[in-house]
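1. test case, fold it:
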Amino acid sequence: MIEKRPFATFGGGDHGWLITRHHFSFADYADPERMNWGRLRVWNDDEIAPGAGFPPHPHADMEIITYVTEGAVTHQDSLGNRGRTAAGDVQVMSAGTGIRHAEYNRETGPTRLFQIWIQPTRRGGAPNWGTRPFPKGERKGRFVALASGFPEDREALPIRADARVMAATVEAGGTVSYRLAPGRHAYLVPAKGSVEVNGLRLDARDGAAIRDEAEIRITALEEAEMILVDG
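-> Model prediction:
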């Protein structure tokens, strides 16, 4: 089963400094049919204006993954961490027992990113944060784990959830596949480009909620960059 969720159907709004679209119920957008997908709870598509950002605010018991598609985001938190995550790279914040953080666009142009929240397998634990680059050349024509709760994904940033966040880049006409284990949920979004997922077309920033598909086969209709959550 693959359910296409067109970008135009998402909630959200234009707040001046922030243009946001919500794949799932979030803030003022409430849809009982889009509360979560497996362990995936939030997928926000955000555009942050230069010099703007999210001021310090708290989180607890959530794995928060940020994938930057354009520009860069600058992070600071109550643990003393500071860092900049640029386009194509990833940061992970395990909120655990509680953390306060801020995210700002210190660049001269807009920053665009996906903010992905995954429910942890266990509550509590010390909060932490990390970031690392993932060169697009290393995921050309294949999925690479960016963040994962599985020990075999040694190069991925760790999360405290029975889930993984993957990325792939595919040239026009190229194909990439992913095996989905029985009972698992997957959610796929092309960050850039149009693709076919088991024959179903998705355009950039559309979502696809997937389950009961042993293999997810994705063909790029044009050069494409994709993010997939298996949870």
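
2. C-alpha from now on. contacts and neighbour counts both.
-> Noted.

3. burial count for residue 122?
-> Using other C-alpha atoms under 10 Å, residue 122 has 12 other residues around it.

4. try the one 4 residues further on
-> Neighbours of residue 126 under the rule other C-alpha under 10 Å: 10.

5. just give the nearest non-adjacent residue to it, would you?
-> Of all residues beyond its chain neighbours, the one nearest residue 126 is residue 96 (5.5 Å), with distances taken as C-alpha to C-alpha, 6 or more residues apart in numbering.

6. quick check on that neighbour: phi, psi?
-> Backbone dihedrals for residue 96, given as degrees, to the nearest 10, come out at phi 50, psi -130.

7. any idea how far it is from residue 201?
-> For residue 96, the distance to residue 201 equals 38 Å [C-alpha to C-alpha, to the nearest Å].

8. and what of residue 137?
-> Counting by C-alpha to C-alpha, the separation of residue 137 from residue 201 is 25 Å.

9. need the contact list for the spatially most central residue of the chain.
-> Closest to where the C-alpha atoms of the chain average out (C-alpha atoms, centre = their mean) is residue 116, at 4.2 Å. Going by C-alpha atoms under 8 Å, 6 or more residues apart in numbering, residue 116 touches 40-44, 64-67.

10. now do residue 96
-> By C-alpha under 8 Å, 6+ apart, residue 96 lies in contact with 60-62, 123-128.

11. can you flag the buried ones in these?
-> A residue is treated as buried here by neighbour count (16 or more other C-alpha atoms under 10 Å); on that basis the buried members of the contacts of residue 96 are 60-62, 127-128.

12. now, which of the residues you listed lie within strands?
-> With strands identified by DSSP state E, the entries of the buried ones among the contacts of residue 96 that belong to them are residue 128.

13. from the buried ones among the contacts of residue 96, which is closest to residue 88?
-> Here the nearest of the buried ones among the contacts of residue 96 to residue 88, counting by C-alpha to C-alpha, is residue 128; it sits at 21.2 Å.

14. distance check, the closest one against residue 106.
-> Applying C-alpha to C-alpha, one obtains 23 Å for the distance of residue 128 from residue 106.

15. then residue 19?
-> For residue 19, the distance to residue 106 - C-alpha to C-alpha - is 17 Å.

16. quick one, which of the two is more surrounded?
-> Neighbour comparison, residue 19 and residue 106: the larger count goes to residue 106, with 19 against 15 (by other C-alpha under 10 Å).
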